[in-house]
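In: For reference, the sequence and a predicted model appear below.
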Amino acid sequence: MRQPGRLRQCVVLAVLVLLAACARPSYPSISASATANPQKAYLYGRFWLDRPFGHAGRLAFELEQANGRQLLRLRLRDQDPVYAIEIDSGTYRIKDVLQDSPGMFDWETVKASLAQLRLPEYLATPITAEAGKAYYLGDFDGRMGYAGLFHTAPFAIQFSTNFDKTSELAKNAVPALKSLELVRAWKEIP
């Protein structure tokens, strides 16, 4: 015997799952063949991830727009670590650092603040990104530990700056940056 409304409940549930998937923060890196949009701002840097062989865990910086309209993630990568993302102009801040296990972000995510990771305090200071400019965030080297088949151990991130070298690497990786003014996101970056 069929239960009335069961199909409708399944359809509503499927729509809610799809909407939740669409609402996830994005990873908006731009391709090497993209052209720069003068109405947009850009963030770039070196985001390297060193993880044990066979380890599927990931690290990402979560950026939040001051007005709460956008939540972005800059993923640390074990390949092509120098990259850029296109953003709307506005004020942003690094909210958290996220680590996940082999599943998806948001399922088994560990959040850590910049202070917990002993990263420079100024990285928590909001930055105002203006259209037509690309902002250097720094060079980040993430290290993941390994604690067993489906478990990640504590992670660490080292921060350094090399504005000239990373800017040159970024212009080679994303030629669209050559047409933009490249600037330091924080005045404390040498």
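Out: All right, it came through fine.
In: sec struct for residue 177, please.
Out: Three-state call for residue 177 (DSSP: H, G, I helix; E, B strand; the rest coil): helix.
In: confidence score at it?
Out: Looking at residue 177, its pLDDT is 95.
In: So it versus residue 99, what's the distance?
Out: Note on residue 177: its distance to residue 99, by CB to CB, to the nearest Å, is 29 Å. Glycine gets a C-beta too; all of them are placed from N, C-alpha and C.
In: Residue 76 now?
Out: Noted for residue 76: a distance of 10 Å to residue 99, by CB to CB.
In: Where in this protein is the helix or strand with the lowest mean pLDDT?
Out: One helix or strand of the chain scores below all others by mean pLDDT, DSSP states H and E: helix 6-22, with a mean of 44.
In: and the very next helix or strand once past that helix, what does it pack onto?
Out: Next in sequence after helix 6-22, counting helices and strands by DSSP states H and E, comes strand 41-50. Applying 3 or more CB pairs under 8 Å, 6 or more residues apart in numbering; DSSP states H and E, we find strand 41-50 packed against strand 58-65, strand 71-75, strand 82-87, strand 127-129, strand 133-146, helix 163-173.
In: Run a quick neighbour tally on the closest residue to residue 32 other than its chain neighbours.
Out: In this structure, residue 32 finds its nearest non-sequential neighbour in residue 174, 6.0 Å apart by CB to CB, 6 or more residues apart in numbering. As a burial measure, residue 174 scores 25 neighbours (other CB atoms under 10 Å).
In: Return the backbone torsion pair for residue 174.
Out: Dihedral angles of residue 174 (phi, psi; degrees, to the nearest 10) stand at phi -130, psi 90.
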